[in-house]
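In: I'll drop the sequence and a predicted model, then ask my questions.
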Amino acid sequence: MMQVEYETRIPDYNRMLTGKKAFVTTAARGIGKSIALLLAQQGAQVYFGGRNEAYVQKTQEQLQQIMPGSRGYMLDLADSSQSEKIAQQALHDSGGFDILVCTVGVNCHCAADAYTDADMQRLLEINYLSGLRFARAFLPEMRRRRAGSIVNISSIHSVMTQPTNMLYAGTKGAMNAAARAMALDCAADGIRVNTVCPGVIMSDIMYDAMEEMDHEQQEQFLAALDRCQPLMRGQMADIANTVLFLVSDMAANITGQQILVDGGTSIKAHDFHPSF
C-alpha cells in the first residue's frame with residue numbers, strides 16, 4: 001500500500017498577500033474599494049481604476065496609508081482604448097501583477113426587445129470585454145512567473161435573473177463562461193481563474209439607489225430582500241472576504257469555479273401562499 005505523507009506544518013495566513021501586487025479594475029467606491037482595502041491590509045500593493053477623480057484620490061490615499069506605493073488611475077471602462085492604455089501603464093508602473101480582480105458591473109433595465117445598439121455595446125464593453133482586455137495584458141507576465149490569480153465579480157443574475165435584465169444577465173453569464181475557459185488555458189502555468197457571483201449587497205452604491213426611493217418604497221424593498229435571502233443582508237465585506245480567499249494560497253487547488261455569495265437566495269424557492 002502506498003504510504004501517504006501528511007503535511008504537519010500549519011500554513012501561516014497572517015498578511016497572506018505580502019509581496020503581491022494586485023490590480024482591481026474599479027475600486028474608487030463600493031465593493032471594489034472594500035476588496036482593494038482588504039487586499040492591502042493583507043500585504044498586497046494595490047493598483048486600481050475609477051471614473052470619479054475625487055473618489056479615486058481618496059481611495060488612493062487610504063490605500064497608501066496601508067501599503068505605500070499603491071496607486072489609482074482615472075479609467076472609464078466603457079472606453080476600450082482607455083482600458084488598453086491603463087493596463088499597459090499599470091504594468092509599467094508595477095512591473096507585473098500577481099492578482100487581477102475585475103469588479104465592474106452596470107445595468108440597463110429594459111424589455112428584451114427595447115434596448116439599443118448603444119446599450120448593448122456599453123454593457124458588453126464594461127461588464128465583459130474590459131475584464132478580458134486586462135487579463136490579456138497581464139497574463140504574459142503571470143505566465144512568465146508561472147503564478148497568478150484572476151477573480152471576476154459577476155452576479156447572481158448570471159445564473160438566475162428577473163425581467164428587464166437581459167443585457168446585464170447576458171454579459172455576466174458570458175463572464176462566467178469565459179472564466180472557465182480561461183482557467184483551462186492557464187492552469188499549466190500555475191494561474192487560477194475564478195468567479196464570485198454576489199446577490200444583493202448593501203454597498204454604498206446600493207444606499208445611493210435607496211435614497212431615490214421614498215420611505216415606503218425603501219421598506220418594501222428591504223422586506224422583499226429579507227424574504228428572498230435566508231441569511232442576513234449581504235455586506236461589501238462578504239464579497240471582499242471571498243475574493244481574499246480565492247486569490248490566496250488557501251484556494252491553491254481551486255480554479256474555474258463560480259461561488260454565489262447571496263445569503264442563500266439561490267437555494268430558496270419563491271414564497272407561495274395558497275388562497276385555498
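Out: On my side now, so go ahead. Residues are numbered from 1 along each chain as shown.
In: which stretch of helix or strand covers Leu37?
Out: Leu37 is part of helix 30-41 when elements are defined by DSSP states H and E.
In: alpha carbons of the next helix or strand after that helix, as PDB, please.
Out: Past helix 30-41, heading to the C-terminal end, the next element that is a helix or strand (DSSP H and E) is strand 45-50. Below are the C-alpha coordinates for strand 45-50, written out as PDB (Å, rounded to 0.1, in the frame of the first residue of the first chain):
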ATOM      1  CA  GLN A  45       0.300  46.600  -3.100                       C
ATOM      2  CA  VAL A  46      -2.900  47.600  -4.800                       C
ATOM      3  CA  TYR A  47      -3.400  49.400  -8.100                       C
ATOM      4  CA  PHE A  48      -6.900  50.300  -9.200                       C
ATOM      5  CA  GLY A  49      -9.100  52.300 -11.600                       C
ATOM      6  CA  GLY A  50     -12.100  54.700 -11.200                       C
END
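In: list the contacts of the next helix or strand after strand 45-50.
Out: Using DSSP H and E, the helix or strand that follows strand 45-50 in sequence is helix 53-66. By C-beta atoms under 8 Å, 6 or more residues apart in numbering, the residues outside helix 53-66 that reach it are 27-29, 33, 36-37, 40-41, 46, 48-50, 70-74. C-beta: built from backbone N, CA, C; applies to glycine.
In: could you pull out the helices for this protein?
Out: Counting by DSSP state H, one finds helices in the chain at the ranges 30-41, 53-66, 80-94, 117-123, 130-145, 166-186, 204-211, 215-228, 236-247.
In: which among those helices is found nearest to Pro11?
Out: helix 236-247 (13.1 Å; C-beta to C-beta).
In: list the helices and strands the closest one packs on?
Out: Packed against helix 236-247, as judged by 3 or more C-beta pairs under 8 Å, 6 or more residues apart in numbering; DSSP states H and E, are the following elements: helix 30-41, strand 99-102, strand 148-153, strand 191-198, strand 258-261.
In: the first one to strand 148-153, inter-axis angle?
Out: What that stands for is helix 30-41. Helix 30-41 runs at 150 degrees relative to strand 148-153, counting by axes from the mean of the first three to the mean of the last three C-alpha atoms, to 10 degrees.
In: and the closest residue in space to Arg51 that isn't next to it in sequence, how close does it get to Gln235?
Out: Taking C-beta to C-beta, 6 or more residues apart in numbering, and ignoring the residues beside it in sequence, Arg51 has Asp76 as its nearest neighbour in space, at 5.3 Å. With distances defined as C-beta to C-beta, to the nearest Å, the gap from Asp76 to Gln235 amounts to 27 Å.
In: just Leu222 next, same as before
Out: Applying C-beta to C-beta, the value for Leu222 to Gln235 is 14 Å.
In: with Lys58 instead?
Out: According to C-beta to C-beta, Lys58 and Gln235 sit 20 Å apart.
In: likewise Asn52?
Out: From Asn52 to Gln235 the distance is 22 Å (C-beta to C-beta).
In: again with Thr161
Out: 22 Å.
In: likewise for Ala224?
Out: In this structure, Ala224 and Gln235 are separated by 18 Å, where distance is defined by C-beta to C-beta.
In: between those two, point out the one with more neighbours.
Out: Set side by side, Ala224 and Gln235 show more neighbours around Gln235, with 15 against 12, by other C-beta atoms under 10 Å.
In: surely that one is in contact with Val200?
Out: No: Gln235 is beyond contact range of Val200, at 10.7 Å (criterion: C-beta atoms under 8 Å).
In: other residues contacting the helix-or-strand element of the chain with minimal mean pLDDT?
Out: The helix or strand of the chain with the lowest confidence, counting by mean pLDDT, DSSP states H and E, is helix 204-211 at a mean of 80. If you take C-beta under 8 Å, 6+ apart as the criterion, helix 204-211 is touched by Arg29, Gly30, Val200, Gln218, Phe221, Met236.
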